[in-house]
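*Asks:* give me a 3D structure for the following:
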Amino acid sequence: MFRRSLPPVLALAVLCAGALAQQFVRQPGSLPGAVRWTEGVTLADIDADGDLDVLLAEGDGFASAGPKRQNVLLRNELVEQGSLSFVDESVARLGVHLSNAKGVEAADVNGDGFLDLLFSNAFNTDPPFLYINRGAAQPGFFDMQSVQRGLGEALSSAAAQFGDLDDDGDLDLILCDSGNSFLGGAGAAPRLFFNDGDGFFTEDAAALGAPVKVAHMDLQLFDVDGDWDLDFLGTNRASNSGGLHYLMLNDGTGQFSDVSNLIPATSTLTYEIEPADLDLDGDQDLFSLSQTGFQEGIFRSDLIETGSLGFTTLTPLNQGTDDNEIALIDYDMDGDLDVLIGSLGSRERMIRNDGALGLSNVSNMTITGVSDSTLDLAVGDLDGDGAYDIVTVQGESNSAEWGNKLYLNTGPVDSLAPKVLATQVPATAAAFPLVARARIQDQVRDDGVHYVTSSAHYVALAGQVTDVSLAGGVFAPADVTLPPGTRVRFTNNDAGAETVASTTAPYDYALDLAGQGGSADFVFVRPGVYDYVAQGGGATGRVTITGSPARVAGFDTGGSQFRYALTCIPVETGAIALELSFVDVAGNESVHASEVIPYSGMNTVGSAYCTSSEHSGGERARLCATGSAAVSDDDVTLRVTRAAAGRPGIFFYGPAALETPFGDGTRCVGGAFVRRLQPPVPTDGAGNATQVLALTQAPAAADITAQVPITMRFQYWVRDGGSSTNLTDGLAIDFR
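*Replies:* Numbering: from 1, shown residues only. Okay, the predicted model is just below:
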């Protein structure tokens with residue numbers, strides 16, 4: 001997290017803000033560029049330098065097309081200059097591309113780790129503009145590839161959103177489409193495009209099966225019914241039969257069914273409905289613009305209370321202002337999401353949520369008043385101080401006050417860790433990859449944006465149990481050093497009830513040992529030092545974990561959900577221990593404590609040794625095998641995970657253990673002979689490689705089958721860019 005000094009003009013504005021007691025203070029002149037009709041704004045780190053850049057969708061026209069405008073990219077120079085400033089690099093980084101753009105989204109569509117861009121264009125003048133980031137070769141520079149990647153049809157689209165709709169680990173796409181008339185006419189149906197994993201899209205209208213509706217303005221992808229897939233909510237400005245808005249339920253494979261009648265009717269001037277858990281009960285409520293007339297309000301989800309999907313309409317706010325945009329932000333850092341409204345009135349509006357759906361208008365106390373026609377806004381920490389700032393964009397009316405605006409947040413920094421609303425962990429491990437999921441909520445939620453990253457750490461459950469006894473008011477042993485995946489059993493041998501609780505942030509486990517003789521287990525997964533205390537008697541202890549568990553980054557599926565595909569690791573004890581971590585942009589971390597997943601019908605063979613070195617991607621490549629160590633079964637498959645992606649590689653084996661530098665890694669295999677397996681196998685785009693070990697064919701038939709019982713050692717060599725090479729860890733298999 002950056003904490004930089006502000007330029008003099010910004011610093012002066014902040015001082016003035018303190019006198020006015022306003023938390024979000026306008027910074028005149030901070031965003032460069034001509035004053036134009038701007039419909040959409042998104043904040044995203046397009047060049048992967050650690051700060052948020054500003055993307056603007058411009059192009060005149062409300063009901064019909066006006067002049068086209070250049071798609072805009074304002075690069076943040078916070079990292080380069082040490083203070084907040086922006087430079088317009090639209091043409092240099094995007095090329096000359098003009099359109100009647102309504103919205104802009106940032107997402108990694110081809111899985112290379114860099115954000116790509118999509119501009120939604122209206123009035124059937126252009127197809128959506130899909131910009132592909134040049135990635136590591138030239139971060140933050142883009143090539144327009146709409147037609148090549150399946151988005152060649154001109155649409156009238158007000159918005160779009162990416163999400164993993166078919167649970168295959170890549171981001172699919174739904175676009176609004178209003179048909180021949182943007183606000184009326186016959187209308188049209190939204191468009192669904194499935195991603196092939198490399199960022200090429202194919203439309204599947206039948207999978208969505210959405211009916212035609214008029215004036216489709218916005219959409220959200222989120223899990224409305226709690227079954228872990230992303231459903232589709234589409235907001236419409238006009239009156240429609242069969243439900244004014246769209247609500248389509250996903251079956252988990254990207255096939256949708258229409259339940260639009262479950263969404264309560266609003267006025268016909270509703271531009272957006274934003275989902276989130278507003279009452280902290282675990283389900284997804286809805287905040288709607290123009291719920292009744294121009295009055296905003298909440299549809300409370302009844303899923304948790306009743307077990308069935310439905311909504312209760314709560315009393316709307318008595319505001320009466322024509323508004324266009326919603327973002328959810330915990331502006332006062334009290335743990336619940338408040339509502340920021342982009343308004344055509346005298347100022348943007350901040351609606352405080354008390355955590356129980358009690359709403360109050362605190363706009364006058366929180367944000368500088370400007371009577372402008374705000375069409376969109378975005379929230380993010382632009383100056384790196386840990387507090388979330390606001391960018392608003394204007395158009396349509398009151399052109400004297402047009403001009404995109406930055407409001408810096410002078411209030412409390414984000415000190416709250418992400419909330420883990422729910423997790424889904426396999427009850428048993430039947431096949432790799434094992435898929436786990438988590439749903440979170442942090443201090444920002446705006447059209448799917450939440451600024452949280454996640455990772456899963458997992459390891460084979462150690463065979464032994466380490467006992468720690470509480471006796472005579474002390475723990476024995478009070479300090480132990482263990483490998484990852486060790487189960488520690490705390491036993492109360494004193495009279496009276498006792499609880500063992502973590503004193504090491506962010507871990508917050510509390511183990512109830514009950515009375516004398518009671519016990520509880522905890523599995524430690526990640527390396528670190530973990531202190532704990534007996535809450536009743538005050539005894540303290542420490543567990544130190546050393547070693548290297550496997551790690552996989554959580555895939556942000558959309559809807560504030562993460563998907564974890566746990567790849568193969570050697571397991572001899574019949575279970576895996578899993579821990580999930582969540583970190584927001586301010587550095588706050590929450591941990592979902594370890595869970596144990598027993599194996600069921602799946603065998604891994606071999607044991608890892610000789611730890612690999614990090615490759616250029618910052619990961620350690622791993623090798624494991626599935627199948628049977630009985631040569632008569634001829635059933636061993638070697639599996640590499642987390643190696644350098646898209647590189648040539650070779651599996652090899654030999655009879656002896658070795659540990660010597662080789663290239664940029666460590667060679668772990670040696671002995672009287674070392675054999676390469678044929679053919680060579682390159683890694684795929686995720687850094688995986690697989691090869692079946694044919695035990696009945698040469699050379700394995702002579703080296704392994706004819707020599708059993710024998711221990712053979714395996715490894716994988718991979719090119720790591722240029723002349724560099726790296727290797728996995730070693731894997732020893734005891735064939736019989």
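*Asks:* for the rest of this, base every contact and every neighbour count on C-alpha atoms.
*Replies:* Noted.
*Asks:* and the closest residue to residue 219 other than its chain neighbours, what element?
*Replies:* Spatially, and ignoring its direct neighbours in sequence, residue 219 is nearest to residue 234 (4.2 Å; Cα to Cα, 6 or more residues apart in numbering). Assigning secondary structure by DSSP states H and E places residue 234 in strand 231-236.
*Asks:* who touches the helix or strand that that strand is followed by?
*Replies:* Tracing the chain C-terminally past strand 231-236 and defining elements by DSSP H and E, one meets strand 246-250 next. Residues outside strand 246-250 that contact it (Cα atoms under 8 Å, 6 or more residues apart in numbering): 165, 208, 210, 225, 229-236, 256-263.
*Asks:* now, of these, which are buried?
*Replies:* Buried by 16 or more other Cα atoms under 10 Å: 165, 208, 210, 225, 229-236, 256-258, 260, 262-263, out of the contacts of strand 246-250.
*Asks:* stretch 222-236: how far from the chain's middle?
*Replies:* Remark: stretch 222-236 is offset 16 Å from the chain centroid, using Cα atoms, centre = their mean, to the nearest Å.
*Asks:* what about residue 304, is that helix, strand or coil?
*Replies:* When classified by DSSP: H, G, I helix; E, B strand; the rest coil, residue 304 comes out as helix.
*Asks:* what sits closest to it if chain neighbours are left out?
*Replies:* Spatially, and ignoring its direct neighbours in sequence, residue 304 is nearest to residue 283 (6.3 Å; Cα to Cα, 6+ apart).
*Asks:* so the one you found: helix, strand or coil?
*Replies:* With three-state DSSP as the basis, residue 283 sits in coil.
*Asks:* now do residue 721
*Replies:* Three-state call for residue 721 (three-state DSSP): coil.
*Asks:* give me the number of residues near it?
*Replies:* By the criterion of other Cα atoms under 10 Å, residue 721 has 15 neighbours.
*Asks:* tell me who's in contact with the nearest residue to it once chain neighbours are set aside.
*Replies:* Nearest non-adjacent residue to residue 721, counting by Cα to Cα, 6+ apart: residue 647, 7.6 Å away. For residue 647, the contacting residues are 682-684, 718-721, by Cα under 8 Å, 6+ apart.
*Asks:* go with 7 Å
*Replies:* With contact set as Cα atoms under 7 Å, 6 or more residues apart in numbering, residue 647 has these partners: 682-683, 718-720.
*Asks:* moving C-terminal of the lowest-mean-pLDDT helix or strand in the chain, what's the next helix or strand?
*Replies:* Lowest mean confidence among the helices and strands of the chain (mean pLDDT, DSSP states H and E): helix 8-20, at a mean of 39. Elements were assigned by DSSP H and E; along the chain past helix 8-20, the next helix or strand is strand 24-26.
*Asks:* ok, then the element right after that following strand?
*Replies:* Assigned by DSSP H and E, the successor of strand 24-26 is strand 38-44.
*Asks:* now do the phi/psi pair for the residue nearest to residue 721.
*Replies:* Residue 647 adopts backbone torsions of phi -120, psi 150, taken as degrees, to the nearest 10.
*Asks:* rewinding a little: please identify the pairing partners of the strand holding residue 234 and their relative orientation?
*Replies:* Sheet pairing for strand 231-236, assigned by DSSP bridges, gives strand 216-222 (antiparallel), strand 246-250 (antiparallel).
*Asks:* alpha carbons of the shortest one, as PDB, please.
*Replies:* Think strand 246-250. In PDB, the C-alpha atoms belonging to strand 246-250 read as follows (Å, rounded to 0.1, in the frame of the first residue of the first chain):
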ATOM      1  CA  TYR A 246     -34.400  -9.600 -15.900                       C
ATOM      2  CA  LEU A 247     -33.600 -12.200 -13.300                       C
ATOM      3  CA  MET A 248     -32.200 -15.400 -14.800                       C
ATOM      4  CA  LEU A 249     -30.900 -18.300 -12.700                       C
ATOM      5  CA  ASN A 250     -27.800 -20.200 -13.700                       C
END
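*Asks:* tell me what the helix or strand that comes right after it is packed against?
*Replies:* Using DSSP H and E, the helix or strand that directly follows strand 246-250 along the chain is strand 256-258. For strand 256-258, the packing partners by 3 or more Cα pairs under 7 Å, 6 or more residues apart in numbering; DSSP states H and E come out as strand 246-250.
*Asks:* quick one: the strands in the stretch 251-400 of the chain?
*Replies:* Under the criterion DSSP state E, counting those that start in this stretch, the stretch 251-400 of the chain carries strands at the ranges 256-258, 273-276, 285-292, 295-301, 311-313, 323-329, 338-343, 349-353, 359-361, 374-380, 389-394.
*Asks:* give me the below-cutoff pLDDT ranges for the chain.
*Replies:* Residue ranges of the chain with pLDDT under 70: 1-21, 572, 601-602.
*Asks:* quick one: the helices in it?
*Replies:* For the chain, the helices defined by DSSP state H cover 8-20, 78-81, 90-94, 205-208, 303-306, 363-366, 700-703.
*Asks:* before we move on, the earlier item: identify the residues contacting the residue nearest to residue 304.
*Replies:* 277, 301, 303-304.
*Asks:* send me stretch 167-186 as CSV with only the CA atoms.
*Replies:* The C-alpha trace of stretch 167-186 is given here as CSV (Å, rounded to 0.1, in the frame of the first residue of the first chain):
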residue,chain,number,x,y,z
ASP,A,167,-17.5,-22.9,-14.1
ASP,A,168,-14.5,-23.6,-16.3
GLY,A,169,-12.1,-21.1,-14.9
ASP,A,170,-12.3,-18.3,-17.4
LEU,A,171,-14.4,-15.2,-17.7
ASP,A,172,-17.5,-15.2,-19.9
LEU,A,173,-19.4,-12.1,-20.9
ILE,A,174,-23.0,-10.8,-21.0
LEU,A,175,-23.8,-7.5,-22.8
CYS,A,176,-26.9,-5.4,-22.7
ASP,A,177,-28.6,-4.9,-26.1
SER,A,178,-31.4,-2.4,-26.5
GLY,A,179,-32.1,-3.1,-30.2
ASN,A,180,-32.9,-0.5,-32.8
SER,A,181,-34.1,2.1,-30.3
PHE,A,182,-32.1,2.7,-27.2
LEU,A,183,-35.0,3.7,-24.9
GLY,A,184,-38.1,2.3,-26.7
GLY,A,185,-39.1,0.5,-29.8
ALA,A,186,-39.3,-3.3,-29.9
